[in-house]
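# Sequence first, predicted model second:
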Amino acid sequence: MRKILLAVSAIVLVAATAKAPASSLRIAAVTPTPGPCAPLDATAAPGEKAYYDHLAKRLDVKVLKCPVADQAAAAAALAAGSLDMALLDRVSFAPVAGATRAILTIRPEGGLNRIPVVVAAPAAGPVKRLEDLRGKTLAFGGSTPAARALPSRVLADRGFGADVFKAELAAADAEDALGKLRSGEADAMVLHAAAWQRLCMPDDPKAKPLCKDLTVLLRARPQATQAIVVRKDIADETRYRLIGIHMPMYLENRVAFSWASSWAPKAAEFEPTEALALVATR
Amino acid sequence: MDRSAWFSAAAAVGLLAVLGGCGEKQKVVSGDWRSGIKEIRMAVSGSNDDPRIVKRRSVYRARLSEAIGLPVKLYESSDYNGVIQALSSGQVDLAQMAGGGYANVDAQIGPLAAPILTLRQAEGGTGYYSAIVVRADSPIRTLADMKGRSLGYVDFNSTSGYLVPRARLRDEGIDPDTYFGKISFAGGHTQAVMALANGQFDATILQASGGDPVNGFSRGALHTMARRKLVDLKDFRIIWTAGPIPSEAFVVRTDRPQPLIDTVRGAMGALPYDEPDLWVDIGQLDGSAYTSVTREHYKDVIALRAADIAQRRGQGGRP
């Protein structure tokens, strides 16, 4: 009995200790020679050293490099709790989506925020879900990147490339797109979320409600191709500080930023993300 | 204590320890920075008339308090200068303020304050506009029609309601001190709209945001008041705009702990992604998000403020 009690006690104490603040941040590094986590060695590239030093100084913890074979191995180690942070792509993230979450991705130079896109159709019409739009005509609310390229990307992320539709009409603006929907020229209207909000959620209570008869088929952000991912059991404070350190890195430490964002072409800045940024949510 | 009792006690201590740890998430940061800090103080200006603004402040306060792990106390000032002086004197740790307000703080304490976040709109812009507004039934159609007429500014410390439009008017060859027949200060955007509606001025200068001069605006004083059913948008007309003006910033005291600043930036930066419905509910435009900035982002406004102050000193200090 005493042995059992001691064993139970030891187990629970170890478990409790595991919840104490950690003294290190363990970051996955894909290399041909996987190994245990360790501080950077003297051969580290200047950018890598700058990044690790930057995080260590701002978090006030040791930052360890954890060599893994590939992103799938990083994902598995992250989910198992032997890593704290890793760069994952869509494929490696999928199996660990329940245990991990995306926190940061990159906005490219001249690129938009990962703004949500809204696809809407008349509620009384035959289009009830995204799949019903195959062979149908869409009206986009303009031709700017936010009005056309980004919504097209959101649809393509979900398997609805341009070839799926009968036609894609570029309306002059959101109001014109609604007109094309009303006139039957288009079967659905595709707007970025701010245009939808301006058109369909007006501030003026005297304004005529324009979209009450529409049903929203999709409201989603573009799917990120890669993102910095942490475990879901990491404390919010840690997540916020990681985000708060990465967001201004392009202004504060260009050497560290260039190295840390080298996986993304033409990186402008780190931007926060929703937990499922790597998933084509519906 | 006999051995049996010791074992039981050890087991109980272990159980308590694990129960205490249950549900607690793993921290990978140092928490020492909070030592000796009882609360975080944040200054905001503006009226409490708009329920959405009141809710926004409440949401920000709650989120920051949860993120920081300390109570966050809001210091609300009815005018711009209250916020400027609270931050400059160190009575508060952070504040939300427009570029003109930050320029004033910068003039007082320099690098002891720094802007850390501003809004980036869905279409990519990080600015808003200043608009000269007249009543829809006014014969005034252009800036040329305003010569000799009365104009209401918002506040001497207002970026869009004073500082920037005066500079842009000068750029267009108009001396704002002599072109208009009479100038007044309304004291706030809401007061400026009401004064215009009541015929106290021929025109007033207001903030306009959530769009641009080509696509129209969806935010700003007129829209806020229309939502509250105080005015009808159709009763007003914009005749001139200036901008874009760098949007409002979260400004922090740089002599506060760096972990506090990083946590504020991260918690606010993640808000539109963590709580997308709430983000819209508090009056933010969907698709907008916070982006990092530094003093450099506001350098033009700082220069305008310095030039305006220098010019007024040349006039004996008259605004």
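Looks like it came in fine. Numbering: from 1, shown residues only, chains lettered A, B, ... in the order given.
# Neighbouring strands - and their directions - for the longest strand seen in chain B?
For chain B, the longest strand by residue count, based on DSSP state E, is strand B:236-246. Here strand B:236-246 is paired, per DSSP bridges, with strand B:127-135 (antiparallel).
# Let's see the helix or strand just after the partner strand as PDB, backbone CA atoms only.
Sequence-wise, the next helix or strand downstream of strand B:127-135 (DSSP states H and E) is strand B:150-153. Taking C-alpha atoms only, strand B:150-153 is exported to PDB below (Å, rounded to 0.1, in the frame of the first residue of the first chain):
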ATOM      1  CA  SER B 150     -17.900  80.200 -41.200                       C
ATOM      2  CA  LEU B 151     -16.100  76.900 -40.400                       C
ATOM      3  CA  GLY B 152     -16.100  74.800 -37.300                       C
ATOM      4  CA  TYR B 153     -13.100  72.900 -36.300                       C
END
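# Any chance you could list what contacts the next helix or strand after strand B:150-153?
Following strand B:150-153 in sequence order, the next helix or strand is helix B:164-171 (DSSP H and E). Outside helix B:164-171, the residues that touch it by Cβ atoms under 8 Å, 6 or more residues apart in numbering or on different chains are B:100, B:130, B:132, B:175-176, B:179, B:205, B:242-243, B:245, B:301, B:304, B:307-308. For every residue, glycine as well, the C-beta is placed using N, CA and C.
# Wait, a helix at A:Leu210?
No: according to DSSP: H, G, I helix; E, B strand; the rest coil, A:Leu210 belongs to no helix; its state is coil.
# so it makes contact with A:Met201?
No: using Cβ atoms under 8 Å, A:Leu210 is not in contact with A:Met201, being 9.6 Å away.
# would you list every one of the strands in the chain?
Going with chain A. A:24-30, A:62-68, A:85-89, A:100-108, A:117-122, A:137-140, A:167-170, A:188-192, A:214-220, A:226-231, A:267-272.
# hm, I was asking about chain B
B:40-45, B:72-77, B:94-97, B:113-120, B:127-135, B:150-153, B:182-185, B:203-209, B:219-220, B:236-246, B:249-253, B:289-292.
# Kindly export the fifth one (C-alpha atoms) in PDB.
Spelled out, it's strand B:127-135. Taking Å, rounded to 0.1, in the frame of the first residue of the first chain, the C-alpha atoms of strand B:127-135 are listed here in PDB:
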ATOM      1  CA  GLY B 127      -5.400  55.800 -42.700                       C
ATOM      2  CA  TYR B 128      -8.600  57.800 -42.600                       C
ATOM      3  CA  TYR B 129      -9.800  61.100 -43.900                       C
ATOM      4  CA  SER B 130     -10.700  64.600 -42.900                       C
ATOM      5  CA  ALA B 131     -13.800  65.900 -44.600                       C
ATOM      6  CA  ILE B 132     -15.400  69.400 -44.900                       C
ATOM      7  CA  VAL B 133     -19.100  68.700 -44.500                       C
ATOM      8  CA  VAL B 134     -22.000  71.100 -45.200                       C
ATOM      9  CA  ARG B 135     -25.800  70.700 -44.900                       C
END
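# ok, back up a step: buried subset of the contacts of helix B:164-171 as a ChimeraX selection?
Command for ChimeraX that selects the buried part of the contacts of helix B:164-171, burial taken from 16 or more other Cβ atoms under 10 Å in any protein chain shown:
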select /B:100,130,132,176,179,205,242,243,245,301,304,308
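# what's the most buried one of the strands of chain A?
The highest average neighbour count among the strands of chain A, using mean count of other Cβ atoms under 10 Å in any protein chain shown, belongs to strand A:188-192 at a mean of 28.
# Now do it: which elements does it pack against?
If contacts are counted by 3 or more Cβ pairs under 8 Å, 6 or more residues apart in numbering or on different chains; DSSP states H and E, strand A:188-192 sits against strand A:117-122, strand A:137-140, helix A:150-157, helix A:174-183.
# any low-confidence regions in the stretch 1-150 of chain A?
A:1-22 (pLDDT under 70).
# And the helices in it, which stretches?
A:2-17, A:46-59, A:71-80, A:90-93, A:150-157 (DSSP state H, counting those that start in this stretch).
# Is it possible to get a markdown table of the helices and strands packed on strand A:188-192 that adds distance to B:Thr142?
Formatted as a markdown table, the helices and strands packed on strand A:188-192 follow (distance: least, Cβ to Cβ, whole Å):
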| stretch | distance to B:Thr142 |
| --- | --- |
| strand A:117-122 | 37 |
| strand A:137-140 | 35 |
| helix A:150-157 | 37 |
| helix A:174-183 | 26 |
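# now the ones you listed as a markdown table including distance to chain B?
Below are these laid out as a markdown table (distance: least, Cβ to the nearest Cβ, whole Å):
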| stretch | distance to chain B |
| --- | --- |
| strand A:117-122 | 9 |
| strand A:137-140 | 14 |
| helix A:150-157 | 9 |
| helix A:174-183 | 9 |
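# ok, B:Ile183 - contacts?
So B:Ile183 contacts B:Ser150, B:Leu151, B:Gly152, B:Tyr153, B:Pro176, B:Asp177 (Cβ under 8 Å, 6+ apart).
# Apart from its neighbours in sequence, what residue is nearest the first one?
It stands for B:Ser150. Ranked by Cβ to Cβ, 6 or more residues apart in numbering or on different chains and with sequence neighbours excluded, the top spatial neighbour of B:Ser150 is B:Lys182, at 4.2 Å.
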